[in-house]
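Following is a predicted model, sequence given first.
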Amino acid sequence: MHTYMTHPSKKIIGSISNELADKKILLAVTGSVAIYKSLDLARSLMRNGAEVSVIISKDAAKLISPEMFKWATGNNVVTKLTGDLEHVSLAEDNDVMIVAPSTANTMVKIAYGIADTPITATALNFVGMKKPLIIVPSMHLQMYISPQVADAADRLKRIGVEVIEPEIVGDLAHYPKLEYLTSRITSYVLRGKDLSGFNILATAGPTREYLDSVRFISNPSSGTMGISIANEAYFRGAKVRVICGPISSKIEPYVKDIVYVETTEEMLNEVVKSIENGKFNVVILAGAPADYKFKNKSDTKIDSHTEIPKVELERTPKISEYIRKYNVLLVGFSAETVNSDEELIEKAKIKMRRHGFDLIVANNVRRKDIGFSSEYNEVIVIDKNGDVRKIPKNFKTVIARKILDIVKEQLRR
C-alpha cells in the first residue's frame, strides 16, 4: 500500500496571492549562468498561486541539478523525451510555457522551428496549440544584439510569442529583476496584450506646495496606485505615459515614458501638454495633487528662531477642469473620509458630476488598512450611467488590473 503526500514545497502555493490560482505553468530552463534565478522565479509564481513544473536542458543540468528544481516546485523534472511523448503532454497539460533563462541557441531554434531538443520541441507544441509562450533571453550583450538573435526575437514576436527584454548592464543582457518578471508574467498570463492600441496617460503620487525653500504642504500618497495602473497598462500592451509627483512607492515604475513634477501646477501643465501633443485616448488621474498652496512663498528658509510666519492659503488648480474639454475617457479618483459605502458612493457621484469624469474610482481613506501609503486598496467604481461596482480589498496591483478591465469595457462601448 502506497501513502501519497503533498510535497512540502507546495505549501507555499498561494501564500502571497491567488492571482495565478488554477494556472499550470511549465518553466523551461536552458544552459545560461543565470539559471539559478529561475529557482526564485518558480517559487515566486507559486507564491502567487500557480502550479509550476520544470523541463531542463542537458546543458542546464550540468549547472544545477534537476533535483534542485524538484525541491523548488515539488514536481518531477523532465530532462529528456521518451515514449511518453512529454513534449506533447506537457503542452496539453499546462496553460503557459516560460523559457527562462533562454540562451541564444534555444531562442533562434524556436523562432525557426528547429525541434531537436526537449525544450524546443515542447515550445513548438505550445505555439501550434496557440497557448502562451514567454521567452526571457539572458546572454552576453554581443550575442543578444547580433543580427541573428535580433531577427529571431522579431520573428517570435510576429508569431505571438512574448519576448521579455533583458536588463542591459554593461556588456550583459541580464535576467530581469524578479519582481518585474513576476508582475509581467502574471499580467500576460491573465490578460495577454488586450490593451494594445490604447494610449493611456496617468498621474501618480502627491505634489508639494512650498512655504519656503524647505517646508511644504503635501499628503501621504505614495503613488503606488498610479504606478500600479501605469505598469499594468504597459504590461498589457498599451502605450503609457505617467506623470509622477514625489513618489515613495515600494513598486518600481516600469513604464519607459515618465515625467517627474513637484507642484500641482507643474502636474497640470504636463498633463495638458501631453494631451495636446500626444494621441492619448484615456486619462487616469490617480495622482493626489495638493488642493491648497501658500499665497506667499519665501525663496529662502524662514528662520524659526526669529519669525513665526503668518500664512494664507489659496486653492490650486483642478486638473480635471482643464482637460475635460478634450476627447478622452477621463477617469478620476475620489479619496474620502466616510462611515459607509453608501456615503462614499454619494460623495463620489457628486464629484463625478462636478468634474465631468466618465469613470470615478472612490476609496475610504478613513480606513488605515487601505489607501494612502498602503499596499492594499478597496475601491468602488462608478460610471457615467450610474453603474456601481465594488472591487474588494486586495493588493493595489490587483485593483489596478480590475480598474483597467473596466476602462477597456467603457472604451469599447
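Thanks, I have the structure now. Residues are numbered from 1 along each chain as shown.

Assumed residue 274 was part of a helix.
Yes: according to DSSP: H, G, I helix; E, B strand; the rest coil, residue 274 belongs to a helix.

Apart from its chain neighbours, what residue comes closest to it?
Nearest residue to residue 274 in three dimensions, chain neighbours excluded: residue 201, at 5.4 Å (Cβ to Cβ, 6 or more residues apart in numbering). The C-beta positions use only the backbone N, C-alpha and C, and glycine is treated the same way.

What residues are bridge-paired with the one you found?
With beta bridges defined as DSSP bridges, residue 201 has these partners: residue 241, residue 283.

For it, which residues are in contact?
Residue 201 makes contacts with 240-243, 271, 274-275, 278, 280, 282-284, 328, as judged by Cβ atoms under 8 Å, 6 or more residues apart in numbering.

could I get these as JSON lines with distance to residue 299?
Converted to JSON lines, the contacts of residue 201 look like this (distance: Cβ to Cβ, whole Å):
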{"residue": "240", "distance to residue 299": "36"}
{"residue": "241", "distance to residue 299": "32"}
{"residue": "242", "distance to residue 299": "30"}
{"residue": "243", "distance to residue 299": "26"}
{"residue": "271", "distance to residue 299": "27"}
{"residue": "274", "distance to residue 299": "29"}
{"residue": "275", "distance to residue 299": "32"}
{"residue": "278", "distance to residue 299": "34"}
{"residue": "280", "distance to residue 299": "35"}
{"residue": "282", "distance to residue 299": "39"}
{"residue": "283", "distance to residue 299": "34"}
{"residue": "284", "distance to residue 299": "35"}
{"residue": "328", "distance to residue 299": "37"}
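
Please check those residues and keep the buried ones.
Neighbour counting with 16 or more other Cβ atoms under 10 Å marks 240, 241, 242, 243, 271, 274, 275, 280, 282, 283, 284, 328 as buried within the contacts of residue 201.

Would you agree the fifth one is in contact with residue 319?
Yes: Residue 271 sits in contact with residue 319 when judged by Cβ atoms under 8 Å, with a separation of 5.6 Å.

Nearest to residue 224 among the buried ones among the contacts of residue 201?
Within the buried ones among the contacts of residue 201, the smallest distance to residue 224 is 12.4 Å, found for residue 242 (Cβ to Cβ).

Distance check, the closest one against residue 222.
14 Å (Cβ to Cβ, to the nearest Å).

re earlier: check the buried ones among the contacts of residue 201 and tell me the two furthest apart.
Longest span within the buried ones among the contacts of residue 201, Cβ to Cβ: 242 and 328, 15.5 Å.

any idea which of the contacts of residue 201 is least confident?
Lowest pLDDT of the contacts of residue 201: residue 278, 83.

thought that one was touching residue 199?
Yes: Residue 278 is within contact range of residue 199, at 6.7 Å (criterion: Cβ under 8 Å).

which residues touch the helix or strand that residue 52 is a member of?
Residue 52 is located in strand 51-56, with elements delineated by DSSP states H and E. The set of residues external to strand 51-56 that reach it, using Cβ under 8 Å, 6+ apart, is 13, 23-29, 42, 45-46, 66, 69-70, 72-73, 75-79, 86, 90, 94, 118-119, 122.
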